[in-house]
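[1] attaching a predicted model along with its sequence, questions to come.
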Amino acid sequence: MPDLPNQRARPPLFDFSASLHARRRALKLSGDRFLDRGAAEGLADRLAAVTRKFSRGLWIGNAVPPEIAPFALDWVCADFDANEFLNAGEAGFDLAVSLFSLQAINDLPGALVQIRRALKPDGLLLAALLGGGTLSELRDSFAHAESVTRGGASPRVSPFSDVRDLGGLLQRGGFALPVSDVERLLVRYGDFFALARDLRAHGLTNVLSERSRSFLRRDTLAALLAHYAARHGDPDGKLRARFEILYLTGWSPHHSQQKPLTPGSAKARLADALGVSETVISGSKTSS
């Protein structure tokens, strides 16, 4: 696979075995997986806006949720293995959907290349990931607590993608007509440990390769709780936790898709549309 970018060029950021363990544990817990439910509804809303009917869908994960199942006649479930290869079998899907299954992928552009290869020309990818503002309060509180009790911070919260970068990643993966958008959610918790339970129920525990393997010290935990309450707590004692859900939409290239106009091909002047005069200054035109 010579055109997969960045394949094994750097040490892995995420620990695959830890990520797999976290996801399997989450499936066994009885917590409210509100992020999964909300993102599945967001994916369904975006699929409902597409007028096309899909026959063969690729679900990147374990089981197609009921919100997504009606959008394709037939589904195949596949996921990335420890080497980050997508075991989707024969290509030829006209729809691929991912619900947080790309969250702990080290080579996201390479993963997108593989998904694009699994799609037919003019096939649709729709994916949900957590965005850069997710758990910013927890990240801040961990950094403060470890700096005051241990003299430095270790990686405790996984990095999340920025919505502004995802369109470029889709283009690097070979997708046409890339679109990325974000939904923001603010959750209030009665205490810090309710937040921790929700993170375990969603499989969002620390899976970084360079994470600390030692237990959190009591003085560090006390400093974390105090900082979180002081900086990210409300007057009623509730603690705020921010989540961002990013949605990626991209199409496998096809000759029938819209193409951007070539420079200079416009048939009307912007100045005429704006009702202003056009002036030439040093070889360039400006409207006033």
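    Arrived safely, thanks for sending.

[2] every contact and neighbour count from this point should use C-alpha atoms.
    Noted.

[3] any stretches of this structure with poor pLDDT?
    1-10, 255, 257-288 (pLDDT under 70).

[4] surely Leu43 is within a helix?
    Yes - under DSSP: H, G, I helix; E, B strand; the rest coil, Leu43 sits within a helix.

[5] ok, it - how many residues close by?
    22 (other CA atoms under 10 Å).

[6] who's in contact with stretch 120-127?
    By CA atoms under 8 Å, 6 or more residues apart in numbering, the residues outside stretch 120-127 that reach it are 43, 91-100, 115-116, 247-254, 257.

[7] can you pull out the helices in the stretch 1-150 of the chain?
    Counting by DSSP state H, counting those that start in this stretch, the stretch 1-150 of the chain has these helices, from start to end: 16-28, 34-48, 108-118, 136-150.

[8] using CSV, write down the CA coordinates of the first one.
    So the one you mean is helix 16-28. Taking Å, rounded to 0.1, in the frame of the first residue of the first chain, the C-alpha atoms of helix 16-28 are listed here in CSV:
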residue,chain,number,x,y,z
PHE,A,16,-4.3,-0.2,20.3
SER,A,17,-4.6,-2.8,23.0
ALA,A,18,-5.6,-0.2,25.6
SER,A,19,-8.2,1.3,23.2
LEU,A,20,-9.6,-2.2,22.4
HIS,A,21,-9.8,-3.0,26.2
ALA,A,22,-11.5,0.4,26.9
ARG,A,23,-14.1,-0.2,24.2
ARG,A,24,-14.8,-3.8,25.3
ARG,A,25,-15.2,-2.7,28.9
ALA,A,26,-17.6,0.1,27.9
LEU,A,27,-19.9,-2.5,26.1
LYS,A,28,-20.2,-4.4,29.4
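
[9] just give me how far that helix sits from the chain centre.
    Helix 16-28 sits 18 Å away from the centroid of its parent chain (CA atoms, centre = their mean, to the nearest Å).

[10] other residues contacting it?
    So helix 16-28 is in contact with Ala82, Ala104, Arg200, Ala201, His202, Gly203, Leu204, Thr205, Val207, going by CA under 8 Å, 6+ apart.

[11] please identify the buried residues of it?
    Phe16, Ala18, Ser19, Leu20, Ala22, Arg23, Ala26 (16 or more other CA atoms under 10 Å).

[12] got it, and stretch 131-138?
    Gly131, Gly132, Gly133, Thr134, Leu135, Ser136, Glu137, Leu138.

[13] CSV for the buried residues of helix 16-28, including distance to Phe54?
    Shown next, in CSV, are those (distance: CA to CA, whole Å):
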residue, distance to Phe54
Phe16, 32
Ala18, 35
Ser19, 31
Leu20, 30
Ala22, 32
Arg23, 29
Ala26, 30
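
[14] closest to Leu108 among those?
    Nearest to Leu108 among the buried residues of helix 16-28, counting by CA to CA, is Phe16 at 13.8 Å.

[15] okay, now the nearest residue to Gly92 once chain neighbours are set aside: neighbour count?
    Nearest non-adjacent residue to Gly92, counting by CA to CA, 6 or more residues apart in numbering: Lys120, 4.9 Å away. If you count neighbours by other CA under 10 Å, Lys120 ends up with 18.

[16] how far away is Lys120 from Pro178?
    16 Å (CA to CA, to the nearest Å).

[17] now Leu95
    15 Å.

[18] what subset of the contacts of stretch 120-127 is buried?
    The buried subset of the contacts of stretch 120-127 (16+ other CA under 10 Å) comprises 43, 93-100, 115-116, 247-253.

[19] these in strands, which ones?
    Residues of these located in strands (DSSP state E): Phe93, Asp94, Leu95, Ala96, Val97, Ser98, Leu99, Tyr247, Leu248, Thr249, Gly250, Trp251.

[20] redo these as CSV? Include distance to Gly151.
    What follows is these, written out as CSV (distance: CA to CA, whole Å):
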residue, distance to Gly151
Phe93, 52
Asp94, 52
Leu95, 49
Ala96, 46
Val97, 43
Ser98, 40
Leu99, 38
Tyr247, 38
Leu248, 39
Thr249, 43
Gly250, 44
Trp251, 48
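
[21] hmm, back to that, tell me which of the helices of the stretch 1-150 of the chain sits nearest to Arg172.
    helix 108-118 (6.3 Å).
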